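> My questions concern the predicted model and sequence given below.
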Amino acid sequence: MQLDLFSEVYYDIETQLSAGEVGGWENIHLMRIAVAVTWSPEDGFRQWEEPDAPNLIRYLSGFGKILSFNGDGFDSRVLSHYGDVARINGASFDILTDLKRRLNHRLSLDSLAQATLNVGKIANGLQSLQWWKEGKIQLIADYCRQDVKVLVDLVSFARQNGFVRYGDKTTGEKFTVKVNW
């Protein structure tokens, strides 16, 4: 695959197993892919499942910029079980990492989505794990796709406006953070 330095892709991964089921957060690479979703301007949304993992790594590696929310700390580590993710890590732009650097604290995607876009997430990782156990793959895919859509919309908003907002869990107060994504 020819690398296009100006192309970008967004992605998210939901897993089959929790941290507790694999012996802790240091074993993220053992959590196994349930569903992954990517979005690029060229291909739109694409859904991937565990057997597709090597192809997903190749696909992501073909982009100049790979955007995620906690991709550095989670998603690429899950993918590392299936192959070399050095190219993914090298092209990664992790929104959470950027915001943690700017604010010195962690934010949730839901907090950003609600405060910036007035849209909430439709589920969470624990719900996704339960759906996996129940064999409800399409629900996981829908949830994962919605998270990617929120990420795409959040970055688009930030690029147009130069900022995003987040809400304080305790007070509900909204704060603005300038970004250059």
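Looks like it came in fine.
> counting contacts, what elements does the longest strand along the chain pack onto?
In the chain, with assignment by DSSP state E, the single longest strand is strand 4-15. Packing partners of strand 4-15 (3 or more C-beta pairs under 8 Å, 6 or more residues apart in numbering; DSSP states H and E): strand 33-40, helix 53-61, strand 63-68, helix 76-79, helix 125-133, helix 137-161. C-betas here are computed from N, CA, C, even on glycine.
> avg pLDDT for that strand?
On average, the pLDDT along strand 4-15 is 89.
> Buried residues of that strand, list them for me.
By 16 or more other C-beta atoms under 10 Å, the buried positions in strand 4-15 come out as 7-15.
> Now for those residues: which two are most distant?
Farthest pair in these (C-beta to C-beta) is S7 and T15. Separation: 26.6 Å.
> Thought E14 was touching A36, still the case?
Yes - between A36 and E14 there is a contact at 7.5 Å, judged by C-beta atoms under 8 Å.
> shared neighbours of those two, which are they?
Contact criterion C-beta atoms under 8 Å, 6 or more residues apart in numbering; residues shared by A36 and E14: C144.
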